[in-house]
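Enquirer: how would this look folded up:
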Amino acid sequence: MSDSTGPLDRPDRPRTVLLRGGEVHSPADPFATAMVVDGGGIAWVGSEGAADSFADGVDEVVDLDGALVTPAFTDAHVHATATGLALTGLDLAGAASPAEVLDRVREHVRARPGDRVLLGHGWDASAWPGQRLPSRAELDEAAGRRPLYLTRVDVHSALVTTALLDLVPGVARLPGYAPDAALTGDAHHAVRAVAHASVTPAQRTDAQRAALRHAASRGIGTLHECAGPEISGEDDLTGLLELAAAEPGPRVHGYWAEHITSPEGARRVRELGALGAAGDLFADGSLGSHTAHLHEPYADMDHRGAGHLDAVAVAAHVAACTEAGIQAGFHAIGDAALTAVTEGVRAAAERVGLERVRAARHRVEHAEMLTGTTVAAFAELALTASVQPAFDAAWGGEEGMYARRLGRERARTLNPYAALLRAGVPLALGSDSPVTPLDPWGTLRAAAFHRTPEHRISVRAAFTAHTRGGWRAIGRDDAGVLVPGAPADYALWRTGDLVVQVPDGRIAAWSTDPRSGTPGLPDLGPDRPLPVCLRTVVGGRTVYQHPNG
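Expert: Numbers count the residues shown, from 1 in each chain. Modelled structure (predicted):
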């Protein structure tokens, strides 16, 4: 791929650009090979021959050299600061044992002598021998008696050192505290607040910048930041929104997860710059940490988790948000939590009107343990399911964490994407980064090759949910697609042959029959390499360029 009229480090301003000689993924023309961008919008999509008429009237002509052009992806659920800290700090992903965690901690301690609290993320003991965690005494030794906070991969529990506990008076009396185990619940929230408070404004900005740059390098043009008082903080959200507005990079739309029941609460959400009181407003916790709220007990622990919001609280929140014209939303994973959410939203609809609730496009994050009843409720209430297919890739299957937590029969019901689509439920795909990586093509592969075959969806359906679906989730129906008039948010990819891939994994060569009307996408079979991002453009401005692109 080359630029025929100027260097790649061109000034950061929207220009008129002709891209030609590639494959343009557009419903306006399924066989388009060229596209014109005028300022911040798509001006034209069409064939190579017709592109000649534009060549003399543009600032730049880009020879795509066969590259694929797609809409930029939207990741509908991220935590930017935590993602950046994981990218730049102690990453425990893939650690295979407590000993490996302790070794990584020792190395990190040596590398960060000035940090008031040492931060790490990503451990997962579900596959460790005996699922044994490192003891607090072992962590104290490895950390050199310094404060240390290590979140589990799902961010719903954490390992900590004695020195960190000493900074949180009364923590031992809070629910979720254990003398020598991971912290959950209120104890975890209290310790997390102290750990996050240790991050300086400069460290926070550096972490956010790292996360945004990484997202751009993955062809992601828009992020939905899921912030809240129990997750990050007001300064974290407002700082991220200011950074995204000031520097070239992905767009960021923020959500603030605070329960509201009045116009004053809605005003507060707007003042923070958030689109709604949504995102990780916790109706429950997670399966990995045994804190998701279930109708029946866990298979490997004799309790049902805990619900944080009942249907009455959900109804009050949804009614207040609907009346205020902002989105409501909830984090709900367990079947009991999802029952509470859907019953509460239905009660709100009875109070303020079903059509008003449907028009508000309220959303539910994760939505893993859905039943036929709750799927039907999502469709009735027009709830957007903001889901993470990489969860199934990481923890699904006959021997995965879901099966250990729930038993194989219940585990096979999780993440039923095909049923959601059949019911007409709007889907928006994301990563919940840093829980799973920013990896849109990997996310599509996980949806198309779901570990439970009946839940698989086509790559095309997953692609729509990871592009246009994310925009629809914030109330925009005119974006996330390459058609004239849409925002010029797109990515260029080096990839193999384009195919049409269906939910059972079969593929067909991309048809050249115009009657098919189906743009091709890369073959995402498990043995195929994923596409490589060559360039990401947001609003007509290049925000990422591959070093060798």
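Enquirer: for the stretch 1-150 of the chain, give me the ranges with low pLDDT.
Expert: Along the stretch 1-150 of the chain, segments meeting pLDDT under 70 span 1-14.
Enquirer: which residues in it form helices?
Expert: 48-51, 80-88, 98-111, 136-142 (DSSP state H, counting those that start in this stretch).
Enquirer: any residues touching the second one, and which ones?
Expert: Read it as helix 80-88. For helix 80-88, the surrounding residues in contact (C-beta atoms under 8 Å, 6 or more residues apart in numbering) are 93, 119, 121-122, 151, 155, 199, 203-204, 206-212, 214, 223, 225, 232, 236, 240, 252, 433-434, 438. (C-beta placed from N, C-alpha, C; glycine too.)
Enquirer: and for the last one?
Expert: Helix 136-142 is touched from outside by 98, 102-103, 105-106, 109, 134, 148, 150, 159-163, 179-180, with contacts defined as C-beta under 8 Å, 6+ apart.
Enquirer: among those, which one lies nearest to Gly334?
Expert: Proximity of the contacts of helix 136-142 to Gly334 was ranked by C-beta to C-beta; the top entry is Leu159 with 23.3 Å.
Enquirer: mind listing what that closest one touches?
Expert: Trp123, Leu133, Pro134, Arg136, Leu139, Leu148, Leu150, Arg152, Ala182, Leu183.
Enquirer: the first one: neighbour count?
Expert: Using other C-beta atoms under 10 Å, the number of residues around Trp123 comes to 26.
Enquirer: was I right to think it contacts Arg152?
Expert: Yes. If you go by C-beta atoms under 8 Å, Trp123 and Arg152 touch, sitting 5.9 Å apart.
Enquirer: hang on, the earlier thing: now, which of the contacts of helix 80-88 lie within helices?
Expert: Gln203, Arg204, Asp206, Ala207, Gln208, Arg209, Ala210, Ala211, Leu212, His214, Asp236, Leu240 (DSSP state H).
Enquirer: which two among the residues you listed are spaced furthest apart?
Expert: Spatially, the most separated pair among the ones in helices among the contacts of helix 80-88 is His214 and Asp236, at 17.5 Å (C-beta to C-beta).
Enquirer: more neighbours, those two?
Expert: Asp236 (24 against 21).
Enquirer: ok, that one touching Pro201?
Expert: No. If you go by C-beta under 8 Å, Asp236 and Pro201 don't touch, sitting 9.8 Å apart.
Enquirer: okay if I get the helices of the stretch 1-150 of the chain as JSON lines plus mean neighbour count and distance to Ala448?
Expert: Formatted as JSON lines, those follow (neighbours: other C-beta atoms under 10 Å; distance: least, C-beta to C-beta, whole Å):
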{"stretch": "helix 48-51", "mean neighbour count": "14", "distance to Ala448": "30"}
{"stretch": "helix 80-88", "mean neighbour count": "25", "distance to Ala448": "25"}
{"stretch": "helix 98-111", "mean neighbour count": "17", "distance to Ala448": "32"}
{"stretch": "helix 136-142", "mean neighbour count": "17", "distance to Ala448": "40"}
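Enquirer: can I get the ones you listed in a markdown table with distance to Arg445?
Expert: Compiled in a markdown table, the helices of the stretch 1-150 of the chain are given as follows (distance: least, C-beta to C-beta, whole Å):
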| stretch | distance to Arg445 |
| --- | --- |
| helix 48-51 | 30 |
| helix 80-88 | 21 |
| helix 98-111 | 27 |
| helix 136-142 | 36 |
